[in-house]
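K.L.:
When you get a sec, could you give me coordinates for this:
(3 chains)
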Amino acid sequence: MKPQPVALKVLNVVSVLLFLAALGMVFLYAPLEETMNYVQKIFYFHVANAWVGMLGFIAAAVAGVVYLVKHDQKWDIIELAAVEISLIFFITTIITGSIWARPVWNTWWTWDTRLTTATILEMIYIAYLLLRQGIEDPDRRARFGAVYTIIGAISVPITFLSIRIVSRTIHPVVIGATNGTATGSFNMAPQMLFTMFFALFTFSAIFVTLFWHRIRLGQLAQQVEQLKLEEF
Amino acid sequence: MNNIQEIAEHKPTPGFFSAVGAIIWKDLSAELRSRELLSAMLVFALLVVLIFNFALELDAGTRRVATPGILWATFAFAGTLGLNRSMAVEKDRGCLDGLLLAPVDRSAIYFGKTISNLAFMLIVEAVVLPIYSVLYNTNLFNPGLIVVILLGSVGYVAVGTLLSSMAVQTRTRDVLLPILLFPVVIPILIAAVKASSGFLQGLALTDVMPYINLLIVYDVIFIAAAYMVFDFVVEE
Amino acid sequence: MLEYSVSIKYMLAGYTVFLAVPAVYLISLVIRVRNLKRDLQTMKEFQKKNPK
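P.N.:
Numbering: from 1, shown residues only, chains lettered A, B, ... in the order given. Predicted coordinates for the structure are as follows:
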């Protein structure tokens, strides 16, 4: 495995520092929310994790398309890395969303649009990983992975819209509510908004760093697999 | 198989539609002779309906509300069976390789398989509906419901044929198809259940239209996507 | 306003998850890299012993 390039080493440090800074902002800078008290502070990292999940989702879909066009294994490695990272960050999003929901709405789970779609997305990711696991030929594995990524990527937005259409007809959306609604709205002070954007920025940096590391892992794995295929 | 050979012998490049037709004819006539696939799907579907009856223990009122859900769950599970068997037969008997050697556009294979899979699924649904009506004393002969079942089945089979082509080439084969298919097919289930429910309850058409539109959009998008991507799934 | 003792408990649970999940993932990355490097070593030695 090639040694870490300087840029990556710098990113490592930057990511850690930004993460600590973001924590600091959440606990020391952002004001306390009126109705929910401390538990609202989950919001900042929850949204940031969801954002990173989205980035990974888009990266995976793009990598899938590019692989089918170019047939370069490199894009398959990128696609797998993106799926894995998106999987991890969406799991965090879902779990913390549930933890936040419990004290505020007295329920561990709400079948609201975003949570449900995120869960379905996780199922698609797991299916993707199981699909790859069942194929030994690297070329076929890459092709099928790309195809399933594309099919999954198309279906998720449609799923999101479908669930939203259903909820709209049951619960008319109340815009700008100050009491807790299903979408968990609360009044955001400017410091809260700034903290949120800083968290988004932090996690974007973390995403790039982790993505890069995971791609390196993928390249090493490809090397090992190629050797094994040659020998056996 | 003979039909495709005949076509290949008579014309240098068989037309797209004749290739599709040949594949459909092959599947349907094979099934007419053996009836394995259809009987398996039918028995399974009826068993699922039976299981739901005991599992849910519904009174008449709740049953009316649950009917669309039970129907679509049944169709989804039986559909998986059909898709799996249909593709497995291709692979095991080497028909897939034969089809690939024939000078036809790959997508003809996709459309041929999809249409025959659709035919099987519709036949099963056509049998389940009257039986369900009788068992639960609900009138299911509702033109709106028929349309929903048609649209939903088309989308289901469009994606299912593509994914089963992949699943059949993996180590885990049959088991993998539901895992791949169900998360992706959820919009169909949502829209179909809601639309079915709307028609059965006699809601106004304007209330049901969003879901019908959703089904149509899904069908169009995924038929197009599967068509574009199918080549990559069967290339060697 | 939600009671302090309840609110802070859930917040801490949430932040534990925020820290723990990526940490576990990072550890898994390190372990996998280590295993792969070892595999690579094994394969290279194997190739040396059985030249083609």
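
K.L.:
measure the residue most central in space within chain A to residue A:115 for me?
P.N.:
By Cα atoms, centre = their mean, chain A has its centre lying nearest to residue A:53, at 1.2 Å. For residue A:53, the distance to residue A:115 (Cβ to Cβ, to the nearest Å) stands at 12 Å. The C-beta positions use only the backbone N, C-alpha and C, and glycine is treated the same way.

K.L.:
Is the residue nearest to the centre of chain A inside a helix or a strand, and which specific one?
P.N.:
If you go by DSSP states H and E, residue A:53 is part of helix A:42-70.

K.L.:
Does anything pack onto that helix? Which helices or strands?
P.N.:
Using 3 or more Cβ pairs under 8 Å, 6 or more residues apart in numbering or on different chains; DSSP states H and E, the elements in contact with helix A:42-70 are helix A:6-24, helix A:73-105, helix A:113-133, helix A:138-170, helix A:190-231, helix C:4-49.

K.L.:
now the third one against helix A:42-70, angle please.
P.N.:
I take that to be helix A:113-133. 40 degrees (axes from the mean of the first three to the mean of the last three Cα atoms, to 10 degrees).

K.L.:
close to chain C, is helix A:113-133?
P.N.:
No. Helix A:113-133 does not reach chain C (Cβ under 8 Å from any Cβ of the partner chain); its nearest approach is 12.9 Å.

K.L.:
near chain B at all, that helix?
P.N.:
Yes. Helix A:113-133 lies within reach of chain B by Cβ under 8 Å from any Cβ, at A:120-121, A:123-124, A:126-127, A:130-131.

K.L.:
pLDDT score for residue 52?
P.N.:
This is for chain A. You'll see residue A:52 listed with a pLDDT of 94.

K.L.:
looking at chain C here, not the other one
P.N.:
63.

K.L.:
Check residue C:41 too.
P.N.:
pLDDT, residue C:41: 91.

K.L.:
since we're on it, how many residues are nearby?
P.N.:
Neighbour count of residue C:41, defined by other Cβ atoms under 10 Å in any protein chain shown: 11.

K.L.:
Which residues of chain C lie near chain A?
P.N.:
Residues of chain C lying near chain A (Cβ under 8 Å from any Cβ): C:1-4, C:6-8, C:10-11, C:13-15, C:17-18, C:21-22, C:25-26, C:29, C:32-33, C:36-37, C:39-40, C:43-44, C:46-47, C:50.

K.L.:
What's the nearest residue in chain B when you look at chain A?
P.N.:
Residue nearest to chain A within chain B: residue B:170 (3.5 Å; Cβ to the nearest Cβ).

K.L.:
Could you find the closest non-adjacent residue to that residue?
P.N.:
Spatial nearest neighbour of residue B:170, chain neighbours left out: residue A:134 (3.5 Å); criterion: Cβ to Cβ, 6 or more residues apart in numbering or on different chains.

K.L.:
Settle this for me: the one you found is touching residue B:171, isn't it.
P.N.:
Yes. Checked against Cβ atoms under 8 Å, the pair residue A:134 and residue B:171 is within contact range at 4.3 Å.

K.L.:
higher neighbour count, these two?
P.N.:
Counted by other Cβ under 10 Å, residue A:134 and residue B:171 do not tie: residue A:134 has more neighbours, with 18 against 10.

K.L.:
Contact partners for that one?
P.N.:
Each residue near residue A:134 by Cβ atoms under 8 Å, 6 or more residues apart in numbering or on different chains is listed here: B:170-172, B:176.

K.L.:
who's in contact with residue B:232?
P.N.:
So residue B:232 contacts A:68, A:143, A:146-147 (Cβ under 8 Å, 6+ apart).

K.L.:
Export the residues you listed to a markdown table and append columns for neighbour count, distance to residue A:76 and pLDDT.
P.N.:
As requested, these are exported to a markdown table (neighbours: other Cβ atoms under 10 Å in any protein chain shown; distance: Cβ to Cβ, whole Å; pLDDT from 0 to 100):
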| residue | neighbour count | distance to residue A:76 | pLDDT |
| --- | --- | --- | --- |
| A:68 | 19 | 10 | 94 |
| A:143 | 24 | 9 | 95 |
| A:146 | 25 | 7 | 96 |
| A:147 | 26 | 12 | 96 |
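
K.L.:
nearest to residue A:15, of those?
P.N.:
residue A:146 (28.9 Å; Cβ to Cβ).

K.L.:
Quick check: closest non-adjacent residue to residue A:208.
P.N.:
Using Cβ to Cβ, 6+ apart, the closest residue to residue A:208 is residue A:11 (6.5 Å).

K.L.:
ok, the one you found touching residue A:212?
P.N.:
Yes. With contact defined as Cβ under 8 Å, residue A:11 reaches residue A:212; the gap is 7.0 Å.

K.L.:
Show me what from chain B comes close to chain A.
P.N.:
B:159, B:162-163, B:166-167, B:169-172, B:176, B:179-180, B:182-187, B:190-191, B:194, B:207, B:210-211, B:214, B:217-218, B:221-222, B:225-226, B:229, B:232-233, B:235.
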